[in-house]
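[1] Please work out how this folds:
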Amino acid sequence: MGDPAQSIAPYRYLEMLLREKFPGNEFEVINVAFTAINSHVILPIARECAAHEADLWIIYMGNNEMVGPFGAATVFGSQAPPLPSVRLALALQRLRTGQWLMELGRKLRSQGKKSPGGGRMAMFLDNQIAPNSPLKETVYRNFQKNLHDIVSTGVNSGAKVLLNTVAVNLKDCPPFASITNSHLSSADRVQFEQLYAEAMEKAAQKEFAKASQLFERAAQVDSKSAMLQFRWGECLLAQTNFTRARERFQLACDNDALPFRADSRINATIRSEHEKVRNKELILFDSAAALAADSEAGLCGREIFYEHVHFDFDGRYRLGRAWAEQIESLLPRNTNAWVSQAFCDQLLGLSPWNRAQVLRLMLERIQMPPLSGQANNERRRDSLEARLTELRAEMNPDNAAKVRKAFLKLLEQRPEDYFLHQEFALFLELTGDPAAATAEWQRFVDLLPQDSLGYYQAGRLLVAQQRYAEAEVSLKRALAIRPSRVDGWIELGNTLAFEKKYPEALASYSMALKRNPQNRQTLLRRGKVLGQLKHHSEAIESYRAAIQLKPADGLSHYELGLELLEAGELNAAGKEFGEAARHSPDNVAVRFNYGTWLMNQKHWAEAQQEFEAVLRLEPGHVQAQEKLVTLQKQIQ
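    Next comes the predicted model:
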């Protein structure tokens, strides 16, 4: 799909490459993917696509087989049921009664379970699966049958089918979880842990040959330890033993107890499908090998991926370019060269501002579990922050004017490219023109009225411009199209709160919390509305729930303190103001209110410190100056 930026997905690069090389031909590339799906979901999509007479299908799938619907480690219902049961369940969900039964089943299964919060991948933390689990074998069998049916559907539709193996980050993505063999004796477990610890010590001292020997001995005790295989692979890589390093990194992926990546069995099944079908309409492209070939070690890593499977800018172009080269023989002969990545970036509107926004999204994502718990996450974060720093040097007014002009020229040439309007809207917002950004989102809506995104983004920007009535209309339209938009319910709640429609705002926040109970910002905003309605005990409860999710958030403590003051709980309020000041030492309002509370409690010296801190932060703060004058009289 191109997550986290569909507008610059590999298929978009393919489209630009084809248009530029074959200017006399018209190309339409349609992406029917979306996030978190696997072959069970893709098969009915394929069957629907068969009716639309495409010339070419590109099949790139396999990362979500274990964690997606009906996978061995899924959180979305039954784990690895037999294929007939899966297909019956999917058929039932086409009926309203079936949908109701499925929803009821999900609710019953989730009773008593607490969501870990922290993003969609964090939901899987409690669903680790052993490398040799029989559930994985069921998934492999189901995938093989689904893949065959998908390929057959494409070939029988009259389309050429470009079937891809799946590239993943092997070199720079440690396993998300590693399970030790539970059948080890106590003596073997002690031996394994001792050998592993010694190997890690030698690796830290850069004695990679000795570390590799120790890892090999440890693997003789427990070869299924994903982290051992990864660390061993790193040592072999440091010794430029690339062949053996690739083997270890692949085993680390295959044995990962949180299997978000396509493993070697998935890719082997994809390769074998071409041998089984043996139809000239089916083209096998080993994209995993092709993308790895450019690396000295023959391994995909951070030069292609942000983290485990999501392509970086370079990886997107490289995959799009590889697809273009694979299908070139199917197109009219042409001597034009393929255009460069930089040229494609310009065509797609990938300015420094747009590029930085993608990096910020990834930076936010890698700071949530399970990515945040990976061994190399700090290095990954530093790399993203360094890239953002470099981009900021390009983000100046002169460049902004040039980029704006370039966007307008592109839109003259491709006025119906809704993704280009999307990128322009983002650029306009980031460069401080929310009104123009709103207008671009309205054009996006005109081109794609069935998509909730344009209505949501326009509504969000209208809220920021205090155009609340218009925002309310736009956000309600977004939610009518896609009721599951948590961000839409939050923004609608904000709009209604600004309009002082407090009961309606509360209902919107409740809808958001129903879908994501672990959203701290929603709990905070809900607390504010409850306070306006004088429902102090409920507001206090909402703020405390937000603090439970992030105890070090100064704003949550501050808002709770204000609410406790309203409820007459002065001592409890003071405690919260103190916590707020501790966690948000640079917040003027927090420090001033804490000082006021201390002063009311006759803690003169501590109050003086807070007011002096306020004046250091804001030297012209009149009220703090007055409080200090009053304090001096009290102290004297």
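
[2] separation between residue 578 and residue 137?
    With distances taken as C-beta to C-beta, to the nearest Å, residue 578 is found 57 Å from residue 137. Every residue, glycine included, has its C-beta placed from N, CA and C.

[3] Between those two, tell me which one has more neighbours.
    More neighbours surround residue 578 than the other of residue 578 and residue 137, with 18 against 13 (other C-beta atoms under 10 Å).

[4] Isn't the more buried one up against residue 594?
    Yes - if you go by C-beta atoms under 8 Å, residue 578 and residue 594 touch, sitting 6.1 Å apart.

[5] Would you mind identifying the next helix or strand past the helix or strand of the chain with the lowest mean pLDDT?
    Taking mean pLDDT, DSSP states H and E as the measure, helix 96-110 is the helix or strand of the chain with the lowest mean score, a mean of 50. Using DSSP states H and E, the helix or strand that follows helix 96-110 in sequence is helix 134-156.

[6] now that following helix: mean pLDDT?
    With pLDDT averaged residue by residue, helix 134-156 scores 96.

[7] Spell out the secondary structure type for the nearest residue to residue 621 once chain neighbours are set aside.
    Spatial nearest neighbour of residue 621, excluding adjacent residues (C-beta to C-beta, 6 or more residues apart in numbering): residue 614 at 5.3 Å. Of the three states, residue 614 takes helix according to DSSP: H, G, I helix; E, B strand; the rest coil.

[8] got the angle between the helix or strand that contains residue 245 and helix 134-156?
    Using DSSP H and E, residue 245 sits in helix 242-254. In terms of direction (axes from the mean of the first three to the mean of the last three C-alpha atoms, to 10 degrees), helix 242-254 departs from helix 134-156 by 100 degrees.

[9] Identify each buried residue in helix 242-254, please.
    Buried residues in helix 242-254, counted by 16 or more other C-beta atoms under 10 Å: 244-254.

[10] Give me the helices and strands touching the helix or strand hosting residue 187, please.
    Assigned by DSSP H and E, residue 187 belongs to helix 186-204. Counting contacts by 3 or more C-beta pairs under 8 Å, 6 or more residues apart in numbering; DSSP states H and E, helix 186-204 packs against helix 208-221, helix 226-238.

[11] Need the contact partners of the first one.
    Residues outside helix 208-221 that contact it (C-beta atoms under 8 Å, 6 or more residues apart in numbering) are 184, 188, 191-192, 195-196, 198-200, 202-203, 225, 228-229, 231-232, 235-236, 238-239.

[12] 6 Å - rerun?
    The contact list for helix 208-221, computed with C-beta atoms under 6 Å, 6 or more residues apart in numbering, reads 188, 191-192, 195-196, 198-199, 202-203, 228, 232, 235-236, 238-239.

[13] so the most centrally placed residue in the chain is in which element?
    By C-alpha atoms, centre = their mean, the chain has its centre lying nearest to residue 365, at 5.3 Å. In the assignment (DSSP H and E), residue 365 maps to helix 352-366.

[14] Give me the average confidence score over that helix.
    Averaging pLDDT along helix 352-366 yields 96.

[15] Could I get the buried residue list for the very next helix or strand once past it?
    Per DSSP H and E, the first helix or strand lying C-terminal to helix 352-366 is helix 377-392. Residues 377, 380-381, 383-384, 387-388, 391 are the ones in helix 377-392 that count as buried (16+ other C-beta under 10 Å).

[16] buried stuff in the following helix or strand past helix 377-392?
    Sequence-wise, the next helix or strand downstream of helix 377-392 (DSSP H and E) is helix 397-413. Neighbour counts over helix 397-413 (16+ other C-beta under 10 Å) mark 400, 403-404, 407, 410-411 as buried.

[17] From the contacts of helix 208-221, list the buried ones, please.
    Neighbour-count burial within the contacts of helix 208-221 applies to 191-192, 195-196, 198-199, 202-203, 228, 232, 235-236; the criterion is 16+ other C-beta under 10 Å.

[18] which of those lies closest to residue 519?
    Taking C-beta to C-beta as the measure, residue 519 sits nearest to residue 228 out of those, at 37.5 Å.

[19] could you redo the buried ones among the contacts of helix 208-221 as JSON lines and give each row distance to residue 8 and pLDDT?
    What follows is the buried ones among the contacts of helix 208-221, written out as JSON lines (distance: C-beta to C-beta, whole Å; pLDDT from 0 to 100):
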{"residue": "191", "distance to residue 8": "50", "pLDDT": "97"}
{"residue": "192", "distance to residue 8": "45", "pLDDT": "97"}
{"residue": "195", "distance to residue 8": "46", "pLDDT": "98"}
{"residue": "196", "distance to residue 8": "41", "pLDDT": "97"}
{"residue": "198", "distance to residue 8": "46", "pLDDT": "98"}
{"residue": "199", "distance to residue 8": "41", "pLDDT": "98"}
{"residue": "202", "distance to residue 8": "43", "pLDDT": "98"}
{"residue": "203", "distance to residue 8": "37", "pLDDT": "98"}
{"residue": "228", "distance to residue 8": "37", "pLDDT": "98"}
{"residue": "232", "distance to residue 8": "36", "pLDDT": "98"}
{"residue": "235", "distance to residue 8": "36", "pLDDT": "98"}
{"residue": "236", "distance to residue 8": "35", "pLDDT": "98"}
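
[20] Using a markdown table, lay out those residues together with distance to residue 624.
    Output for the buried ones among the contacts of helix 208-221, formatted as a markdown table (distance: C-beta to C-beta, whole Å):
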| residue | distance to residue 624 |
| --- | --- |
| 191 | 65 |
| 192 | 61 |
| 195 | 62 |
| 196 | 57 |
| 198 | 59 |
| 199 | 58 |
| 202 | 58 |
| 203 | 55 |
| 228 | 58 |
| 232 | 60 |
| 235 | 59 |
| 236 | 62 |
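
[21] tell me the domain ranges of the chain?
    36-171+259-310, 186-254, 594-636 (automatic domain parsing).

[22] Those: lowest mean pLDDT?
    domain 36-171+259-310 has the lowest average pLDDT among these, namely a mean of 87.

[23] Surely residue 499 is in contact with residue 466?
    No - counting by C-beta atoms under 6 Å, residue 499 does not reach residue 466; the two are 10.3 Å apart.

[24] When these two are compared, which one has more neighbours?
    Each of residue 499 and residue 466 has its neighbours counted (other C-beta under 10 Å); residue 499 has more, 14 against 9.

[25] Distance to residue 561 added to the domains of the chain, as TSV?
    Below are the domains of the chain laid out as TSV (distance: least, C-beta to C-beta, whole Å):
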stretch	distance to residue 561
domain 36-171+259-310	24
domain 186-254	44
domain 594-636	8
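
[26] Give me the distance between the two termini of stretch 65-82.
    Terminal residues of stretch 65-82 are spaced 14 Å apart (C-alpha to C-alpha, to the nearest Å).

[27] Give me the contacts around that stretch.
    Against stretch 65-82 from outside (C-beta under 6 Å, 6+ apart): 37-38, 40, 86, 123-124, 127, 129, 135-136, 138-139, 143, 259-260.

[28] repeat for stretch 599-615
    For stretch 599-615, using C-beta under 6 Å, 6+ apart, the contacting residues are 588, 591-592, 594-595, 598, 621, 624, 627-628, 631, 634-635.

[29] Let's see which of the residues you listed end up in helices.
    Applying DSSP state H to those, the entries found in helices are 588, 591-592, 594-595, 598, 624, 627-628, 631, 634-635.

[30] so which of those is the most crowded?
    When neighbours are counted by other C-beta under 10 Å, residue 594 leads these with 30 neighbours.

[31] Identify the spatial nearest neighbour of that residue, chain neighbours not counted.
    residue 577 (4.0 Å).

[32] and if you look at residue 581?
    Residue 581 sits nearest to residue 594 (C-beta to C-beta, 6+ apart), 4.5 Å away.

[33] give me every residue that touches that neighbour.
    Residues in contact with residue 594 (C-beta under 6 Å, 6+ apart) are 577, 581, 610.
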